[in-house]
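I need the structure of the sequence given here:
(one chain, ligands or ions: 1)
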Amino acid sequence: MKSEKLIAELRTERLLLRQWKDADLVAFGAMNADPRVMEFFPGVLARDESDRRVDRFRAQFLERGFGVWAVEVPGVTPFVGFVGLAYPHLPPPFEPRVEIGWRLAFEHWGKGYATEAARAALDAAFHIPEIDEIVSMTAVANFRSRRVMEKLGLRHSSNDDFEHPGLPEGHALRRHVLYRLSRNF
Ligand SMILES: CC(C)(COP(=O)(O)OP(=O)(O)OC[C@H]1O[C@@H](n2cnc3c(N)ncnc32)[C@H](O)[C@@H]1OP(=O)(O)O)[C@@H](O)C(=O)NCCC(=O)NCCS
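Here you go, the predicted structure:
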């Protein structure tokens, strides 16, 4: 089903969240190949897998009108990473919740970009009538990302911690935390 309400762009004080350009693929590929960035994922991504992610992000915008935006710092850097909304592939009770997520190239960490971009994405999400709750999840040890969740006002309950079904039993990253924010918080 094609969405008629495309949220193509969001602007913040310093950032532009925008649709993906072919010119982003090289920088996106480099970010996904960086072990520092991918520390809390099963591994780095090869360039073809990285490119396929962008295909999926574009398809999700066409289908739902929202998705994972490329993040630009206008006048400074054309691509610093992504922030966006997705339906994660997880078993009940986690589906079909909308997840917010982020990934920035290492050299752009520590400037508050993830939180600033995610605030805009959260605000946009809660203007979509069918979205009442946003979740965010990560490996237990990803305290940097958990800090972003906390700064955004998402709340963690250990009752929601879970074993990520995409990772094998015993994998160091399998235990995940889930943070939530409701529309009427
Ligand atoms: C997570 C990520 C997007 C954060 O980007 P960022 O722009 O640096 O985030 P912000 O600057 O908005 O906020 C980071 C916060 O984490 C804090 N922080 C940094 N390192 C930390 C650590 N090791 N433990 C706890 N908090 C930490 C920062 O101090 C900051 O909080 P503060 O504003 O209270 O000082 C970025 O580190 C990244 O891309 N990581 C790799 C990908 C990833 O793990 N994505 C999330 C998967 S769910």
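
Pretty sure Ala114 sits against Gly101.
No: Ala114 lies out of contact with Gly101 (C-beta atoms under 8 Å); the separation is 9.8 Å. Yep, even glycine has a C-beta here, placed from its N, CA and C like the rest.

Verify the assumption that Asp51 is located in a helix.
Yes: assessed with DSSP: H, G, I helix; E, B strand; the rest coil, Asp51 lies in a helix.

correct me, but it touches Leu25?
Yes: judged on C-beta under 8 Å, Asp51 makes contact with Leu25 at a distance of 5.7 Å.

circling back to that earlier point, out of Ala114 and Gly101, which sits in the busier spot?
Per other C-beta atoms under 10 Å, whichever of Ala114 and Gly101 has more neighbours is Ala114, with 27 against 20.

The more buried one: what's it in contact with?
Shown in contact with Ala114 (C-beta atoms under 8 Å, 6 or more residues apart in numbering): 81, 83, 102, 104, 148.

Checking it next. Helix, strand or coil?
Per three-state DSSP, Ala114 ends up helix.

and the gap between it and Asp161?
According to C-beta to C-beta, to the nearest Å, Ala114 stands 22 Å off from Asp161.

Quick check: residues of the chain near the ligand?
For the chain, the contact set with the ligand under C-beta under 6 Å from any ligand atom comprises 37, 40, 101-104, 109-115, 138, 142-145, 147-148, 151.

circling back to that earlier point, okay if I get the contacts of Ala114 as a markdown table plus secondary structure and pLDDT?
Below are the contacts of Ala114 laid out as a markdown table (DSSP: H, G, I helix; E, B strand; the rest coil; pLDDT from 0 to 100):
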| residue | secondary structure | pLDDT |
| --- | --- | --- |
| Gly81 | strand | 99 |
| Val83 | strand | 98 |
| Trp102 | strand | 98 |
| Leu104 | strand | 99 |
| Val148 | helix | 98 |
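
Which of the residues you listed ranks first by neighbour count?
Highest neighbour count within these: Val83, with 28 neighbours (other C-beta under 10 Å).

Okay, and the beta partners of that one?
Beta-bridge partners of Val83, counted by DSSP bridges, are Trp69, Trp102.

can you give me the strands in this structure?
For the chain, strands defined by DSSP state E occupy the ranges 10-11, 16-18, 68-73, 77-86, 98-104, 133-139, 155-156, 162-163, 175-182.

residues near the closest residue to Leu45 other than its chain neighbours, how many?
Nearest residue to Leu45, sequence neighbours excluded (C-beta to C-beta, 6 or more residues apart in numbering): Asn32, at 3.8 Å. For Asn32, the neighbour count with other C-beta under 10 Å is 21.
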